[in-house]
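Engineer: Structure for the following, please:
(chains A, B, C and D)
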Number of protein chains: 2
Amino acid sequence: MEDAAPQTRIQTRNRKTILSAGLDVFSAHGFRGATLDQIASTAGLSKPNLLYYFPSKEAVYTALLDDLLVTWLDPLRALDPAGEPIAEILAYAQRKLMMSRDYPRESRLFANEILQGAPLVGPVLHTELRALVDDRATVLQGWMDDGLIRRTDPVHLIFSIWSLTQHYADFDVQIRAVLDDDDPFPGAECFLDQLYRSLLEPRQR
Amino acid sequence: MEDAAPQTRIQTRNRKTILSAGLDVFSAHGFRGATLDQIASTAGLSKPNLLYYFPSKEAVYTALLDDLLVTWLDPLRALDPAGEPIAEILAYAQRKLMMSRDYPRESRLFANEILQGAPLVGPVLHTELRALVDDRATVLQGWMDDGLIRRTDPVHLIFSIWSLTQHYADFDVQIRAVLDDDDPFPGAECFLDQLYRSLLEPRQR
DNA sequence: CGTGAGTTTGACCAGTCGGTCAAATCAAGA
DNA sequence: TCTTGATTTGACCGACTGGTCAAACTCACG
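Structural biologist: Sure thing, here's the model as predicted:
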């Protein structure tokens, strides 16, 4: 009836703290740059104790990435083909921006994985991600064909949303250096809205 | 008369191959994830031989970042306050995009450094970068005040150019997974032009 | 040719890496 | 209470890390 894993209370608690510690360390140093000692001490455990819950360093990493990939593309999946086009696209951009604000470690973990050549998620990119993007690009193309939004390259439009929103998490240090530590997100929210509105709103003719 | 360093022919050659090898390895794995053995073997040298030319791993890294920081901001410096506003901004975006195409390793090296908290370039960001951005933001603001381009947040505008252009180098693997290995740059060039034209061109009133 | 500076290398070092293991500790039910 | 399984740990392993060093090699130039 139940899933395979038995999971005592201590197990679930420690698994969670280990994953959080792993997220801290992997997102800050990448897979190769992270060490088990770092993760263990961040989690408040000894190294052998950590390895009691995960069989290897890679196991912690893959557990994190598996969790991440499921939720990371949800905002794009949630883009509703039946909705009002511009509102849908703006809402998608805002959702992604809020993910950068609320889950910057996850964004940086993903950025590190891609930067290092996507050794682990590479296959998923070629299958699931590609299929999802192709599908949503078709929806966007349909909206353009119907004259509901202006014509542009739908795939590069999606890329631009990824890049603009994730930038605020991944390059946080740089942005805060320029902005003197002000919170960049209110300004970003407003800018994104204006940017995509002016790109997509059909011109009066 | 000359600079301090004597520099035989062998020295200049080996220094160059070491820096190129270091760029390969550091940009792919970050500072902590890179190893001297990796860099040395990529350069075709033994590890002690590499250390004959650079005193430490960190010395190779800082040499690379110093070189990089000088040239990385040149496109923004080259933005001419006396030029035609929209043409200047579009040209700036194109210059940065071409740097992502022609120097992706440099872009990824920088991305890694920032992702890992900018331990080395942090101070430079707070001084030089901040001053440059402030200055150019003032130029953009002036153009907006004069009605030459539409009003928007000048700093976020600059951020958006950084993010959109560097994305094509840093997330190359992801982009090529979605595009089935097609060259993304022609499409990106076109999309960027359209995006910033529609954002910045003053509307007929 | 020599000869001395410039260059290269094998052997080595102390510290860290991911990971193992047996023994110790803990917790909860009979 | 005793017992049994879950949990934790100290000691340890071989491989690798950044880095040193003295000895060897190479090469231009007198």
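
Engineer: CA atoms for contacts and neighbours, from now on please.
Structural biologist: Will do.

Engineer: now the residue nearest to A:Thr152 when sequence neighbours are not counted: how far from B:Gln94?
Structural biologist: Counting by Cα to Cα, 6 or more residues apart in numbering or on different chains, B:Phe191 is the residue found nearest to A:Thr152 once chain neighbours are left out, at 7.0 Å. Between B:Phe191 and B:Gln94 the distance is 11 Å, computed by Cα to Cα, to the nearest Å.

Engineer: The residue nearest to A:Met144 when sequence neighbours are not counted and A:Glu88, how far apart?
Structural biologist: When the adjacent residues along the chain are set aside, A:Met144 lies closest to A:Arg151, with 5.3 Å between them (Cα to Cα, 6+ apart). A:Arg151 sits 16 Å away from A:Glu88, taking Cα to Cα as the criterion.

Engineer: and if you look at A:Pro184?
Structural biologist: 23 Å.

Engineer: okay, now A:Ile10: neighbour count?
Structural biologist: 9 (other Cα atoms under 10 Å in any protein chain shown).

Engineer: what about the longest helix in chain A?
Structural biologist: Among the segments of chain A that qualify as a helix by DSSP state H, the longest is helix A:9-33.

Engineer: how about it against chain B, any contact?
Structural biologist: Yes - in terms of Cα under 8 Å from any Cα of the partner chain, part of helix A:9-33 sits within range of chain B, namely A:Ser27, A:Ala28, A:His29, A:Gly30, A:Phe31, A:Arg32, A:Gly33.

Engineer: angle of that helix against helix B:9-33?
Structural biologist: Orientation note: helix A:9-33 sits at an angle of 170 degrees relative to helix B:9-33 (axes from the mean of the first three to the mean of the last three Cα atoms, to 10 degrees).

Engineer: Could you measure from the residue of chain A found nearest DNA strand D over to chain B?
Structural biologist: As assessed by Cα to the nearest atom of the strand, DNA strand D sits closest to A:Asn49 within chain A, at 3.4 Å. Counting by Cα to the nearest Cα, to the nearest Å, the gap between A:Asn49 and chain B amounts to 24 Å.

Engineer: buried sites along the helix or strand containing that residue?
Structural biologist: Assessed by DSSP states H and E, A:Asn49 sits inside helix A:47-53. For helix A:47-53, the neighbour count (16 or more other Cα atoms under 10 Å in any protein chain shown) marks A:Leu50, A:Leu51 as buried.

Engineer: A:Asp182 contacts A:Ile175, correct?
Structural biologist: No - with contact defined as Cα atoms under 8 Å, A:Asp182 does not count as touching A:Ile175 (9.1 Å).

Engineer: Break chain A down into its domains, please.
Structural biologist: The record, using automatic domain parsing to delimit domains, assigns chain A the ranges A:9-64, A:73-200.

Engineer: Pipe those into a markdown table and attach distance to B:Ala118 and mean pLDDT per row.
Structural biologist: Shown next, in a markdown table, are these (distance: least, Cα to Cα, whole Å; pLDDT from 0 to 100):
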| stretch | distance to B:Ala118 | mean pLDDT |
| --- | --- | --- |
| domain A:9-64 | 10 | 96 |
| domain A:73-200 | 7 | 97 |
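
Engineer: can you tell which of those is closest to DNA strand C?
Structural biologist: Of all these, domain A:9-64 comes closest under Cα to the nearest atom of the strand, at 3.1 Å.

Engineer: Between the two ends of the closest one, how far is it?
Structural biologist: When the termini of domain A:9-64 are compared using Cα to Cα, they are 20 Å apart.

Engineer: Any chance of the domains of chain A in TSV with distance to B:Asp146 as columns?
Structural biologist: As requested, the domains of chain A are exported to TSV (distance: least, Cα to Cα, whole Å):
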stretch	distance to B:Asp146
domain A:9-64	43
domain A:73-200	20
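
Engineer: To B:Ala111, which of those domains lies closest?
Structural biologist: Ranking the domains of chain A by distance to B:Ala111, with Cα to Cα as the measure, places domain A:73-200 first at 7.7 Å.
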